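take a look and give me a structure for this.
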Amino acid sequence: MFDEAREAAGDGGELRYAELMMKVLAAVGLRPGDTELREALRLEHRAWDEARSLHPDTPRLLSTLREAGVATGLVSNAFDPPELMHEDLRIHGIAGLLDAAVFSSEVGVRKPHPAIYRRVLDRLAVAPERALFVGDRVREDIDGPAALGMSTCLAVYYRRDEDDHSRATFCAQSPLEILTFVGVSGTIAG
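Purely as a prediction, here's the structure:
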């Protein structure tokens, strides 16, 4: 069922996870109500909490950018319900350090679809040519934003995408290196 749902979403479309889970549960004879389904999705999401990690320098990076007056946003491909994703930002202590956060589950399309980047740019009131998009995947985080005119930074401190790194405007070996790409100098907060 998962593969069929991904195929139905099409290229760039987001999986409708709650609908898929209702079909999976119905296939085994379970028919939860909306409240029960939301709670089941929450429990399943929370079961993965230990697998989610935040680079230890991320709060320092975001705090320093905020102090420098740089607007910050997050764009993530995540089919989990958006309220759970926003909750994750609060749990990790960075919700208050972001000016906007956009998840594919709330937009209905996945990176590299242009609509997801436009959503965060609109929320930040920033023109694409004045934005730097940072991410760890070439297709989603370099090619997609670059097609809209954004500068890009490939973050290689968590994982190394096998695609062509030279397509990125910058390449960051650590989160704090990103400060130099946006022209922020001075003391690192934290």
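
next, Arg137: phi, psi?
Reported as degrees, to the nearest 10, the phi and psi values for Arg137 are phi -120, psi 130.

relative to Val24, how far out is it?
Look at Arg137 and Val24: by C-beta to C-beta, to the nearest Å, they are 28 Å apart. Just so you know, the C-beta spots here come from the backbone N, C-alpha and C atoms, and that holds for glycine as well.

and what of Val70?
Distance, Val70 to Val24, by C-beta to C-beta: 43 Å.

neighbour count winner among these two?
Val70 (16 against 13; other C-beta atoms under 10 Å).

so Cys171 sits against Thr152, correct?
No - counting by C-beta atoms under 8 Å, Cys171 stays clear of Thr152, with 9.5 Å between them.

who has more neighbours out of the two?
More neighbours surround Thr152 than the other of Cys171 and Thr152, with 22 against 15 (other C-beta under 10 Å).

and the more buried one, what element?
Taking DSSP states H and E as the criterion, Thr152 maps to strand 151-155.

for that strand, name the packing helices and strands.
Judged by 3 or more C-beta pairs under 8 Å, 6 or more residues apart in numbering; DSSP states H and E, the packing partners of strand 151-155 are strand 132-135, strand 170-172, helix 178-181.

possible to save those as CSV with distance to Ile94 and mean pLDDT?
Output for the helices and strands packed on strand 151-155, formatted as CSV (distance: least, C-beta to C-beta, whole Å; pLDDT from 0 to 100):
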stretch, distance to Ile94, mean pLDDT
strand 132-135, 14, 97
strand 170-172, 17, 96
helix 178-181, 15, 96
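
residues in contact with stretch 124-143?
By C-beta atoms under 8 Å, 6 or more residues apart in numbering, the surrounding residues in contact with stretch 124-143 are 71, 73, 75, 77, 99-100, 110-112, 117, 121, 145-146, 148-156, 158-159, 161, 163-165, 167-170, 172, 178, 181-182.

which of those count as buried?
By neighbour count, with 16 or more other C-beta atoms under 10 Å, these hold 71, 73, 75, 77, 99-100, 110-112, 117, 121, 145-146, 148, 150-155, 161, 168, 170, 172, 178, 181-182 as buried.

what about dumping the CA coordinates of the helix ranked longest in the chain to CSV?
Ordering each helix of the chain by length in residues (DSSP state H) puts helix 34-46 first. Taking Å, rounded to 0.1, in the frame of the first residue of the first chain, the C-alpha atoms of helix 34-46 are listed here in CSV:
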residue,chain,number,x,y,z
ASP,A,34,-10.3,10.5,14.0
THR,A,35,-9.2,10.9,17.6
GLU,A,36,-7.9,7.4,17.9
LEU,A,37,-6.1,7.7,14.6
ARG,A,38,-4.4,11.0,15.6
GLU,A,39,-3.3,9.4,18.9
ALA,A,40,-1.9,6.3,17.1
LEU,A,41,0.0,8.6,14.7
ARG,A,42,1.4,10.5,17.7
LEU,A,43,2.5,7.4,19.5
GLU,A,44,4.1,6.0,16.3
HIS,A,45,5.9,9.3,15.8
ARG,A,46,7.1,9.6,19.4
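
thanks a lot, see you next time.
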